[in-house]
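Participant: Give me a model of this one.
(2 chains)
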Protein chains: 2
Amino acid sequence: MNVKDVTTEIAHLEEWLGGYGKDPEGGVTRLLYTKEWVEGQKALENLMQEDGLTTRYDEIGNLFGRFEGTTYKDETILTGSHVDTVKNGGKLDGAFGILAGILAIRLLKAKHGQPLRNLEVVSFAEEEGSRFPYAFWGSKNFVGIAKKEDVVDITDFNDVPFVEAMREAGFNFRDESKAFRNDLKGFVEIHIEQGNVLEKEGKDIGVVHSIVGQRRFTIEVKGVANHAGTTPMGYRKDALFAASQMINNVISRAKEYGDPLVATVGKIEVKPNTVNVVPGEALFTLDVRHTEKEMLVKFTEELTAIIKRVAAESGVEISIDMWMDEDPIPMNKQIVETIEKQAKENGFNYKMMHSGAGHDSQIIAPVVPTAMIFVPSREGISHNPLEYTSPEQLAVGVQALTSSLYALAYTE
Amino acid sequence: MNVKDVTTEIAHLEEWLGGYGKDPEGGVTRLLYTKEWVEGQKALENLMQEDGLTTRYDEIGNLFGRFEGTTYKDETILTGSHVDTVKNGGKLDGAFGILAGILAIRLLKAKHGQPLRNLEVVSFAEEEGSRFPYAFWGSKNFVGIAKKEDVVDITDFNDVPFVEAMREAGFNFRDESKAFRNDLKGFVEIHIEQGNVLEKEGKDIGVVHSIVGQRRFTIEVKGVANHAGTTPMGYRKDALFAASQMINNVISRAKEYGDPLVATVGKIEVKPNTVNVVPGEALFTLDVRHTEKEMLVKFTEELTAIIKRVAAESGVEISIDMWMDEDPIPMNKQIVETIEKQAKENGFNYKMMHSGAGHDSQIIAPVVPTAMIFVPSREGISHNPLEYTSPEQLAVGVQALTSSLYALAYTE
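Facilitator: Just a heads-up that it's a prediction; the model follows:
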């Protein structure tokens, strides 16, 4: 299979899998344990079997395709990603990582035959948290940290209980007493970037050395609602004016920090939100990410100080609620170096980078040596039918993955 | 009737009229041409008749009570306000001006008998624009500027046509060919301040020398929606960050101008308004008021320049739509002086001030010498069941009105 064939084949596979859950409202909707999801996993199982892989599902519905090694039979190199999508998502988020894994193993088998170590590709059941209020169900079960109690009481947006949906799809809770498998020597996940850095910098692939930590906050500002005409400026406690100063100062400070810090005020709600009333209340969210925990903590201190200072100057009351605090996850140094070395040898125009979004890899990295490869996302668009990476760019990704898996599974 | 009697009587009248349209959800809801409105006007008509006034309705439902003068039979001094309320409004907005007018004429009649000029009190049909999308229906018909075509196609929130509601209440369009009456020599409207200036400064009454002009704007900001984690700060066109800078700069500049300028951003909407997406669009409103047109124009130029500068620096696109432009309305100098003189002679602790809110007086001022008297509003609250002015403060207002009407109708 030459490069042209890889390009054609990955484009074909992408279209083919995108047919499972094709949404009449646009894009792909393949939510956990739905009919579309069951059919998608089944189709992937068939594809793996046609490629000669030994397939199996775990209890909750993660699908594995295995190519036995010749020598180190208790050592396995794993690749793959998640099969579920968001509502009206793209064809690539998650899916590309599975399809690239299948194709990489096919290419390796054709060229080199059996590996020294076992090679496996996984199609994780769920990562997005789009049907039920629980994310990473697939990888968290895989590594043994998802608990029955986390989901036993949750339902989807149509009030279908999680447990009922799981059983109807033919799956069940895992045996929580069973230990995590100990044969895994490496995990490589390839994924679209979902950002615009590779595109802006004209790079073929990204070699991911860490996944950012995230802190999310809700800030409530309480002022006094007043008549917009009869209340002199000096007699006001304008919650929106105070919030706008807070946003302005926090985001400006984040810009001064620069990469890899990002800070976003994505949501704002004002009360009563009427043209002729001075706002009495404002609520906004703040999403802060960085690859180093120390910097996340430091920026949190700064933003808290900024918000408190503005509140004091404006005479408004505030509450700051940090409702998410996820640590940054470094990727495994050896696996990162292996990927980088292969990228160099193949002459790819690569960039060492971090991931600003969450991925299955962050769940697996604490227990298995893990790293990621990114391919460019056109305009950084993702979670949207307009999500796009050209077949040529996808093919470069497949080649980078193939070379890395070769180094990990075929060499001493 | 001594001061104590006036205090008791105005408190009683306020409670009594507030019973017409008492809303189970709180406050008073007496919307134009509803059953509550018809009953309210009827009750006021009876009250006027009990006081010996000659009553009549005009075609559209403005109610007048007349006390004939002895000498200048073609000269009339008018007082009053509007009978309608907002949904879940207070007992005083509008109502107080009618009740104070009735009580003032009762006091004058008891003490001085017939005036030289005719004295009339009016209960205007509508001012708030709360049932139909048309405000000042009462006073605009009174002075002859409301047109049939303005309302012939409008309906209320239950799709009841304006014309149907009007006819069911027993009223109809005025004869638009008829000229405005030419006997009016003065109009004095007493109203609650609906602001917190008198309360903050510990004043009994306000003598209103002008009503502010207003300009209202909608500003749309277009940036680019991006992933909050994967888009570096330098690659963003954040519509909310740009909007917050605009709000910050415009409101800060308004504070520098100081009284009587007020500028308010009361409403903001962001898209997609999600915690983990950089906002691609933001829309906010701007309400600017001043007593001088020149300053309104000047501030409009400044705010436009500020918004354009921020947009250029941020790389976002903007549109600025000015959808309201009402000129300031000065009150009549002689009437203002008369009110001030009476306030002084009565020893009231008064403040010369402007009105930041709109009133029937602004419709009447261009054709009849007009001025207003304000009484304090507790915490500036209005359009709300919590609207409150103490009976003692209301009584001072009634006395100020009574003295002014005496000077205008009983003296040469």
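Participant: quick check, distance from the helix or strand of chain A with the lowest mean pLDDT to the centre of its chain.
Facilitator: Using mean pLDDT, DSSP states H and E, strand A:226-227 stands out as the lowest-scoring helix or strand of chain A, at a mean of 90. The chain centre lies 45 Å from the centre of strand A:226-227; the measure is CA atoms, centre = their mean, to the nearest Å.
Participant: is any part of the helix or strand that comes right after that strand close to chain B?
Facilitator: Next along the chain after strand A:226-227, taking DSSP states H and E as the criterion, comes helix A:239-257. Yes: using CB under 8 Å from any CB of the partner chain, we find that helix A:239-257 touches chain B at A:240-241, A:243-245, A:247-248, A:251, A:254-255. Any C-beta I mention is one placed from the backbone N, CA and C, and that applies to glycine too.
Participant: What is helix A:239-257 packed up against?
Facilitator: strand A:213-222, strand A:262-264, strand A:268-271, strand A:281-290, helix A:293-314, helix B:239-257 (3 or more CB pairs under 8 Å, 6 or more residues apart in numbering or on different chains; DSSP states H and E).
Participant: for the shortest one, packing partners?
Facilitator: In terms of contact count using 3+ CB pairs under 8 Å, 6+ apart, strand A:262-264 is assigned the packing partners helix A:239-257, strand A:281-290.
Participant: which bits of the stretch 301-412 of chain A sit near chain B?
Facilitator: A:355-358, A:380, A:382.
Participant: between the residues you listed, which is nearest B:E168?
Facilitator: Within those, proximity to B:E168 (CB to CB) peaks at A:S382, which comes in at 57.4 Å.
Participant: Now do the SS call for that closest one.
Facilitator: coil (DSSP: H, G, I helix; E, B strand; the rest coil).
Participant: Skipping adjacent residues, who's closest to the residue in the stretch 301-412 of chain A that chain B sits nearest to in space?
Facilitator: Relative to chain B, the nearest point of the stretch 301-412 of chain A is A:G356 (3.4 Å; CB to the nearest CB). Nearest non-adjacent residue to A:G356, counting by CB to CB, 6 or more residues apart in numbering or on different chains: B:G229, 3.4 Å away.
Participant: just to revisit the earlier point, okay if I get the helices and strands packed on strand A:262-264 as CSV plus mean neighbour count and mean pLDDT?
Facilitator: Below are those laid out as CSV (neighbours: other CB atoms under 10 Å in any protein chain shown; pLDDT from 0 to 100):
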stretch, mean neighbour count, mean pLDDT
helix A:239-257, 23, 98
strand A:281-290, 24, 97
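Participant: closest one to A:K22 among these?
Facilitator: Here strand A:281-290 is closest among the helices and strands packed on strand A:262-264 (CB to CB), at 31.2 Å.
Participant: Columns distance to B:I77 on top of the helices and strands packed on strand A:262-264, output as a markdown table?
Facilitator: Formatted as a markdown table, the helices and strands packed on strand A:262-264 follow (distance: least, CB to CB, whole Å):
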| stretch | distance to B:I77 |
| --- | --- |
| helix A:239-257 | 44 |
| strand A:281-290 | 45 |
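Participant: before we move on, the earlier item: number of residues surrounding the residue of the stretch 301-412 of chain A closest to chain B?
Facilitator: 24 (other CB atoms under 10 Å in any protein chain shown).
Participant: Tell me who's in contact with it.
Facilitator: Residues counted as contacts of A:G356 (CB atoms under 8 Å, 6 or more residues apart in numbering or on different chains) are A:195, A:212, A:260, A:262, A:289, B:227-231.
Participant: can you rerun that using 10 Å?
Facilitator: By CB atoms under 10 Å, 6 or more residues apart in numbering or on different chains, the residues touching A:G356 are A:193-195, A:197, A:211-212, A:214, A:259-260, A:262, A:289-291, B:227-232.
Participant: Pull out the buried members of those residues.
Facilitator: Taking 16 or more other CB atoms under 10 Å in any protein chain shown as the criterion, what is buried in these is A:193-195, A:197, A:211-212, A:214, A:260, A:262, A:289-291, B:227-232.
Participant: who touches A:E68 in this structure?
Facilitator: A:E68 neighbours (CB under 10 Å, 6+ apart): A:53-54, A:76, A:114-115, A:117-120.
Participant: scratch that, A:G52 is what I was asking about
Facilitator: Contacts of A:G52 (CB under 10 Å, 6+ apart): A:65, A:67, A:105-106, A:109.
Participant: so what's A:S404 up against?
Facilitator: A:77, A:79, A:104, A:186, A:188, A:190, A:207, A:335, A:338-343, A:371, A:373.
Participant: Swap in 8 Å and give it another go.
Facilitator: By CB under 8 Å, 6+ apart, the neighbours of A:S404 are A:188, A:335, A:338-339, A:342, A:373.
Participant: Can you tell me which of these comes closest to A:V277?
Facilitator: For these, the nearest to A:V277 is A:I373 (52.5 Å; CB to CB).
Participant: In stretch A:311-329, which of the residues would be classed as buried?
Facilitator: Buried residues in stretch A:311-329 (16+ other CB under 10 Å): A:311, A:314, A:316, A:318, A:326, A:328-329.
Participant: Now the two most distant members of those residues.
Facilitator: Top of the distance list for those (CB to CB): A:S314 and A:I329, 38.1 Å.
Participant: ok, back up a step: B:L296: which of the helices and strands packed on helix A:239-257 is closest?
Facilitator: Here helix B:239-257 is closest among those (CB to CB), at 10.9 Å.
Participant: what angle do the closest one and helix A:239-257 make?
Facilitator: 120 degrees (axes from the mean of the first three to the mean of the last three CA atoms, to 10 degrees).
Participant: how far is helix B:239-257 from where the chain is centred?
Facilitator: Distance, centroid of helix B:239-257 to centroid of chain: 28 Å (CA atoms, centre = their mean).
Participant: Quick check: phi and psi on the closest residue to A:T54 other than its chain neighbours?
Facilitator: Among residues not flanking A:T54 along the chain, A:R66 sits closest, at 4.6 Å (CB to CB, 6+ apart). Note on A:R66: backbone dihedrals following degrees, to the nearest 10 are phi -120, psi 140.
Participant: Kindly provide the distance from A:R66 to A:G80.
Facilitator: 11 Å (CB to CB, to the nearest Å).
Participant: Check the contact lists of those two and give me the overlap.
Facilitator: With CB under 8 Å, 6+ apart, A:R66 and A:G80 have common neighbours A:E120.
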